[in-house]
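>>> here is my input, please return the structure:
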Amino acid sequence: YLGDTIDIHCGGIDLKFPHHENEIAQSEGATGKKFCNCWLHNGFVNIGDEKMSKSKGNFLTLRGACPKPDDVRAYRYLIVTSHYRNPLSFTDAAMGAAKGALKRLDSIRSRLGSALEGYDNSKSDVEENTNEIVAVVQKELIKFQDALADDLSTPRAVASLFAVVKAAENEFKRVKKAEKDDDTDDSPPLDLCGLAAVKGAIEHMDEVFGVFYDVPKASSSSEGDGADEEDDEDGATVPPEVVELVAARAAAKDAKDWELADSLRSRIGELGFAVKDVKGGEPIVSRI
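Next up is the predicted model:
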């Protein structure tokens, strides 16, 4: 279906040898043509410093690792800030840092939206420091494109995102400081032309990152077919994400990974459930 030569072939770094080398040998031996133009080998997702593995008891599904909608968004941000070829360490600290970064980005987007409400982007009136802000935006957009063209270096691309965010933050600080220092009632004008350039750059970059969206409210347990749901000891429905977390915690305990087990217990608690271990039996799940 793809012809003798394909453009892109993806896979885990563990498949580079011998699996993918065998593909090359077999395909090029059969067709006499180059098999693939570009290979993308991604690193592993690690739990702490160890490769995620069912045999080690540190295996998590995406639903189990990200039980809340904002967890999913934070995990996506964590992915795009890491280079695809490097291992990704999934920890509570990393997820917390991702949420903190998204909070900062959401804040500047909100401030830009308020400041630019009703602003005509086609206006030619440019404040004194507009050239400086626009110059930063133009420079970072070039660096952003260069980063993506250099083996999809998303960490460098994210650095360009925060460079334009910083330019907007500095502009808001400049005006706030001027208002504080000025004895008159006149507020110094914001550089709306520059801020509009920042807003446009952020929106352009997010076409790649895809992290700016409204987080939906968690769906209730009554939605869907309920195939993966269980009942707690009081007969109440246990959401499937809690069921998966309980199973993952049991696997972690079997592997004697107590730190991971405790972390998963905390996640279960955040969802409003408690888990009680039963010697020789299945753990009991109940609402808090």
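>>> quick one: the strands in the stretch 51-200 of the chain?
Applying DSSP state E, counting those that start in this stretch to the stretch 51-200 of the chain gives strands spanning 88-90.
>>> can you pull out the helices in it?
62-65, 69-80, 92-115, 130-149, 154-181, 192-209 (DSSP state H, counting those that start in this stretch).
>>> give me the low-pLDDT residue ranges for the protein?
Low-confidence segments of the chain (pLDDT under 70): 121-130, 183-185, 217-237, 280-281.
>>> out of the helices of the stretch 51-200 of the chain, flag the one nearest S55.
Smallest distance to S55 across those (C-beta to C-beta): 17.1 Å, for helix 62-65. Heads up, the C-betas are built off the backbone N, CA and C, glycines and all.
>>> and the closest one, what does it pack onto?
helix 69-80, helix 240-254 (3 or more C-beta pairs under 8 Å, 6 or more residues apart in numbering; DSSP states H and E).
>>> and the contacts of it?
71-72, 75, 90, 240-241, 244-245, 247-248, 264 (C-beta atoms under 8 Å, 6 or more residues apart in numbering).
>>> picking up where we left off before, out of the helices and strands packed on helix 62-65, which is the most enclosed?
Compared across those, helix 240-254 shows the largest average neighbour count, a mean of 21 (mean count of other C-beta atoms under 10 Å).
>>> could you tell me the angle between that one and helix 69-80?
60 degrees (axes from the mean of the first three to the mean of the last three C-alpha atoms, to 10 degrees).
>>> and helix 240-254, C-alpha only, in PDB?
The C-alpha trace of helix 240-254 is given here as PDB (Å, rounded to 0.1, in the frame of the first residue of the first chain):
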ATOM      1  CA  PRO A 240     -12.700   2.400  35.800                       C
ATOM      2  CA  GLU A 241      -9.800   4.700  36.400                       C
ATOM      3  CA  VAL A 242      -9.900   3.800  40.200                       C
ATOM      4  CA  VAL A 243     -10.100   0.100  39.300                       C
ATOM      5  CA  GLU A 244      -7.000   0.400  37.200                       C
ATOM      6  CA  LEU A 245      -5.100   2.300  39.900                       C
ATOM      7  CA  VAL A 246      -6.000  -0.400  42.500                       C
ATOM      8  CA  ALA A 247      -4.700  -3.100  40.100                       C
ATOM      9  CA  ALA A 248      -1.500  -1.100  39.400                       C
ATOM     10  CA  ARG A 249      -1.000  -0.600  43.200                       C
ATOM     11  CA  ALA A 250      -1.400  -4.400  43.800                       C
ATOM     12  CA  ALA A 251       1.200  -5.100  41.100                       C
ATOM     13  CA  ALA A 252       3.600  -2.500  42.700                       C
ATOM     14  CA  LYS A 253       3.200  -4.200  46.100                       C
ATOM     15  CA  ASP A 254       3.900  -7.600  44.600                       C
END
